[in-house]
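A.B. asks: Model the following, please.
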Amino acid sequence: QVQLIESGGGLVQAGDSLRLSCAASGDTFPTYATAWFRQAPGKEREFVAAITWSAGITVYGDSVRDRFTISRDEVKNMIDLRMNNLNPADTAVYYCAAGTRFSRIARSYLHWGQGTQVTVSS
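C.D. replies: Alright, predicted model coming up:
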């Protein structure tokens, strides 16, 4: 099993930066890849970013590329998402995910956290 606990969400203003963290644990962690997804009210879950645990290869969703950065700490088993130049469209619940595939597709990930709310005011 893998446990994922997100932290760092909150209320910020447009243009601000925020860092989300995901603490990973469990006897089957690390997995091949970890990722961040987000879901706004009334919308489908959206891919944000993913990273392979060993090599650190990254991929980003089109709407966050050049503004968000995903990273992992192999010693602390943490996955961070640094978000810059936030705008109201980034408002969502952000979820950490882990799985055996490096993918943009949510169903590829077996393990999920409970999510952390990010709200960006204009």
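
A.B. asks: Can you list the residue ranges for strands in the protein?
C.D. replies: Ranges of strands in the chain, per DSSP state E, are 3-7, 10-13, 18-25, 33-39, 46-52, 58-60, 68-73, 78-83, 92-99, 111-112, 116-121.

A.B. asks: Point out where this protein drops to low pLDDT.
C.D. replies: Within the chain, not a single segment meets pLDDT under 70.

A.B. asks: Find the residue at the geometric middle of the chain.
C.D. replies: Centroid-nearest residue in the chain: Trp36, 2.2 Å away (criterion: CA atoms, centre = their mean).

A.B. asks: separation between that one and Asp27?
C.D. replies: 23 Å (CB to CB, to the nearest Å). For the C-beta atoms, the positions are set from N, CA and C on the backbone; glycine is no exception.

A.B. asks: Wait, the residue nearest to the centre of the chain touches Ile51, no?
C.D. replies: No: Trp36 lies out of contact with Ile51 (CB atoms under 8 Å); the separation is 9.1 Å.

A.B. asks: okay, and the common contacts of these two?
C.D. replies: Residues touching both Trp36 and Ile51 (CB atoms under 8 Å, 6 or more residues apart in numbering): 70, 79.

A.B. asks: what number of residues lie near Tyr32?
C.D. replies: Residues contacting Tyr32 under the criterion other CB atoms under 10 Å number 14.

A.B. asks: how about the nearest residue to it, chain neighbours excluded?
C.D. replies: In space, and not counting its chain neighbours, Tyr32 is closest to Thr100: 4.9 Å by CB to CB, 6 or more residues apart in numbering.

A.B. asks: Contact partners for that neighbour?
C.D. replies: Contact analysis of Thr100 by CB under 8 Å, 6+ apart lists 31-33, 110.
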